[in-house]
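Novice: below are the sequence and a predicted model; questions follow.
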Amino acid sequence: MITIKTEQEIEYMRQAGAIVRDVLLIVEEHAKPGVTTRKLNTIAYDYIKKCNASPSFLGYGGFPGAICTSIDEEVVHGIPSDRILEEGTILKVDAGAIVGGYHADAARSIAIGEIDSLREKLMDVCKQSFFVGVDILKAGVRLGDLGYEIQSYVESYGFSIIKQLAGHGIGKNLHEDPDVPNYGIKGRGLRLEKNMVIAIEPMISAGGSRIKILEDDWTVVTKDGSLSAHYENTVVIGDEGIEILTL
């Protein structure tokens with residue numbers, strides 16, 4: 001069931017979104033060669049708790065981390081561990097926070113040290129595809145229009161949309177209806193309404209679009225081992241545009 005949020009609910013999500021924004025900035029500051037993903041997880045957890053919020057991901061479906069940390073071919077849901085960050089890789093960090101019983105969710109792709117031109121382009125296209133997509137959004141726009149804009153932009157650079165993964169509604173639950181695909185056909189799909197809140201998150205690869213899940217039952221990787229990128233924000237639909245809660 002899709003829920004239209006009240007102003008009070010959006011305010012809780014706004015507060016959660018500010019915490020998520022800051023967590024991602026703090027993690028990015030500390031994401032350097034030689035640092036473990038477990039260390040980043042501790043930094044994120046401590047900051048969220050200091051803000052009198054709760055991490056959305058910790059314990060969600062049994063997930064053991066406060067954030068997801070995914071490297072290079074790992075697309076999403078990487079588990080923080082003693083793995084050491086290496087120069088020249090892409091780290092995807094996904095974070096969520098709960099305030100007043102309401103979630104906000106966002107993700108960033110972070111360059112570890114100096115990265116090559118392919119990684120740089122992949123990260124940039126992924127991020128820009130989000131903004132190309134949300135630029136058309138307001139009440140009355142269909143999800144197919146959003147997906148079309150994201151997909152067209154990504155594929156124009158020769159990259160692939162990972163179609164098995166999608167964004168989602170968000171609110172009292174981390175994942176709510178509707179699914180928000182990063183591909184689509186203009187004029188098709190659910191029509192967005194004022195005060196709907198959705199998490200929009202392009203996930204793309206430099207190779208094929210197929211994925212598999214590793215033996216840890218969480219980490220999603222590209223099936224062909226190609227590089228991937230991820231960018232996400234939580235947004236509120238308005239009459240004339242959107243409000244991004246996690247920027």
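Specialist: Looks like it arrived, so ask away. Numbering: from 1, shown residues only.
Novice: Ala107 reaches Ala229, doesn't it?
Specialist: No - using C-beta atoms under 8 Å, Ala107 is not in contact with Ala229, being 9.8 Å away. For the C-beta atoms, the positions are set from N, CA and C on the backbone; glycine is no exception.
Novice: more crowded one of these two?
Specialist: Applying other C-beta atoms under 10 Å to Ala107 and Ala229 shows that Ala229 carries more neighbours, namely 29 against 26.
Novice: need the contact list for the more buried one.
Specialist: By C-beta atoms under 8 Å, 6 or more residues apart in numbering, Ala229 lies in contact with 90, 92, 109, 122-123, 125-127, 202-205.
Novice: element containing the residue lying closest to it once chain neighbours are set aside, please.
Specialist: Excluding the flanking residues, the one nearest Ala229 by C-beta to C-beta, 6 or more residues apart in numbering is Cys126, at 3.7 Å. Assigned by DSSP states H and E, Cys126 belongs to helix 117-134.
Novice: would you mark the buried spots in that helix?
Specialist: Neighbour counts over helix 117-134 (16 or more other C-beta atoms under 10 Å) mark 119, 121-123, 125-134 as buried.
Novice: and whichever helix in the chain runs longest, average pLDDT?
Specialist: Longest helix in the chain, counting residues (DSSP state H): helix 7-30. In this model, helix 7-30 has an average pLDDT of 98.
Novice: that helix packs against which elements?
Specialist: helix 37-50, strand 89-99, strand 102-112, strand 233-237 (3 or more C-beta pairs under 8 Å, 6 or more residues apart in numbering; DSSP states H and E).
Novice: adding mean pLDDT and distance to Glu29, write these out as a markdown table.
Specialist: Formatted as a markdown table, the helices and strands packed on helix 7-30 follow (pLDDT from 0 to 100; distance: least, C-beta to C-beta, whole Å):
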| stretch | mean pLDDT | distance to Glu29 |
| --- | --- | --- |
| helix 37-50 | 98 | 9 |
| strand 89-99 | 98 | 12 |
| strand 102-112 | 98 | 10 |
| strand 233-237 | 98 | 19 |
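Novice: before we move on, the earlier item: can you give the distance of the helix or strand immediately after the helix holding Cys126 in the chain from its chain's centre?
Specialist: Downstream of helix 117-134, the next assigned helix or strand under DSSP H and E is helix 143-156. Distance of helix 143-156 from the chain centroid (C-alpha atoms, centre = their mean, to the nearest Å) equals 16 Å.
Novice: so Gly207 sits against Val221, correct?
Specialist: No - the pair Gly207 and Val221 fails to qualify as a contact (C-beta under 8 Å) at a distance of 11.5 Å.
Novice: more neighbours: which of those two?
Specialist: Shown here are Gly207 and Val221; by other C-beta under 10 Å, Val221 has more neighbours (22 against 15).
Novice: check which helix or strand covers that one.
Specialist: Using DSSP H and E, Val221 maps to strand 220-222.
Novice: then Cys68?
Specialist: Residue-wise, Cys68 maps onto strand 67-71 under DSSP H and E.
Novice: so in that sheet, which strands flank that strand, and in what orientation?
Specialist: strand 89-99 (antiparallel) (DSSP bridges).
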